[in-house]
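**Student:** Provide a 3D model corresponding to the input given below.
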Amino acid sequence: MSLRKRTFTALPLIGTLFVVVQYAPDWVFFLFGQAFIVATLVEFYNLAERKQLLPQKIVGCAMALLVSLTFYFPAIPLEIALFGGLLVAAVYFVVTFNTIEKLPFFPASFAVTVIGMVYISFPLNFLFRIRSEAGPFTLYFLFAVIFLGDTGAYFIGKPFGRKKMTPIASPNKTWEGSAGGILFALGGAVLARTLLLPEVPLWLAAASGVVVHAAAQVSDPLESLFKRAVGVKDSSNVFPGHGGFFDRIDSLILAGPLFYFIVKHFWK
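**Tutor:** Sure thing, here's the model as predicted:
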């Protein structure tokens, strides 16, 4: 798909994201995030279905939302939500996987249903914490690092890339592109810090950008492994030229929580 069409798809997404991040009250931003989490989780389960792993989508989404509530209501301990989700899954599977014919599918179905809660819901909810605790400008910093880093990886890797970085997960990713991504992420961090967060020491912002984008470069091919395992390029075609919800947030799965911990423990 042409760059023009990709841009046509991206602009409304960016505009919507900006309005929600900048102006929406916490509860609206939280619900907006939950819609993305559930949509991403459904795409994750759809990929699993292609391998006949039989994820239980309704149970998995319920478990994911249970974990999400602990981020909006700090009085609810995360360990209670995790145990509650596990308990719900246990009851469901004991009750429904009750025939010899279903038994061979139980281990994979149980595992992939539960892991969706840990892999998708838990890390993505840290974006809500970043905004609610550190403000929208800090979230823009993260987006700048991810977006500009990905842009640099593409524009450097495409003409100059030679050495494959993750040939199975992402055949087009190269070490040269990775270096370009880190360089552009560094520039994005410095620019975002200068314009939005001048109180953050420059060296700390720069180091944060490099470390966070390094995590994103692991998070992206990790998601790609799920797609390659089932033989698809995109998790869905919801966003023409950009794939699905899973494709749009893959870098944030590891980069988001890491950035939150950096801000919480080193920026303050």
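**Student:** From the chain's centroid, how far away is stretch 29-42?
**Tutor:** 11 Å (CA atoms, centre = their mean, to the nearest Å).
**Student:** Sorry, wrong one. I was asking about stretch 195-204.
**Tutor:** Distance, centroid of stretch 195-204 to centroid of chain: 25 Å (CA atoms, centre = their mean).
**Student:** Give me the mean pLDDT for that stretch.
**Tutor:** For stretch 195-204, the mean per-residue pLDDT is 97.
**Student:** What's the end-to-end length of that stretch?
**Tutor:** When the termini of stretch 195-204 are compared using CA to CA, to the nearest Å, they are 15 Å apart.
**Student:** can you pull the buried residues of it?
**Tutor:** Applying a neighbour-count criterion of 16 or more other CB atoms under 10 Å, one finds 196, 197, 200 buried in stretch 195-204. Yep, even glycine has a C-beta here, placed from its N, CA and C like the rest.
**Student:** likewise stretch 54-68?
**Tutor:** 54-57, 59-68.
**Student:** Now render the buried residues of stretch 195-204 as CSV, adding secondary structure and distance to residue 187.
**Tutor:** Formatted as CSV, those follow (DSSP: H, G, I helix; E, B strand; the rest coil; distance: CB to CB, whole Å):
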residue, secondary structure, distance to residue 187
196, helix, 14
197, coil, 15
200, coil, 16
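**Student:** C-terminal to the helix or strand hosting residue 205, what's the next element?
**Tutor:** Using DSSP states H and E, residue 205 maps to helix 202-230. Of the helices and strands lying after helix 202-230 in sequence (DSSP H and E), the nearest is helix 245-249.
**Student:** follow-up on the earlier one: of all pairs in the buried residues of stretch 54-68, which one is the farthest apart?
**Tutor:** 54 and 68 (23.9 Å; CB to CB).
**Student:** Might you specify the subset of the buried residues of stretch 54-68 located within helices?
**Tutor:** 57, 59, 60, 61, 62, 63, 64, 65, 66, 67, 68 (DSSP state H).
**Student:** which element follows the helix or strand bottoming out on mean pLDDT in the chain toward the C-terminus?
**Tutor:** Taking mean pLDDT, DSSP states H and E as the measure, the helix or strand of the chain with the lowest value is helix 3-23, at a mean of 79. Remark: after helix 3-23, the chain's next helix or strand is helix 26-49, criterion DSSP H and E.
**Student:** Rebuild the buried residues of stretch 54-68 as JSON lines, extending it with distance to residue 212.
**Tutor:** Output for the buried residues of stretch 54-68, formatted as JSON lines (distance: CB to CB, whole Å):
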{"residue": "54", "distance to residue 212": "36"}
{"residue": "55", "distance to residue 212": "30"}
{"residue": "56", "distance to residue 212": "34"}
{"residue": "57", "distance to residue 212": "31"}
{"residue": "59", "distance to residue 212": "33"}
{"residue": "60", "distance to residue 212": "28"}
{"residue": "61", "distance to residue 212": "28"}
{"residue": "62", "distance to residue 212": "31"}
{"residue": "63", "distance to residue 212": "28"}
{"residue": "64", "distance to residue 212": "24"}
{"residue": "65", "distance to residue 212": "27"}
{"residue": "66", "distance to residue 212": "28"}
{"residue": "67", "distance to residue 212": "23"}
{"residue": "68", "distance to residue 212": "22"}
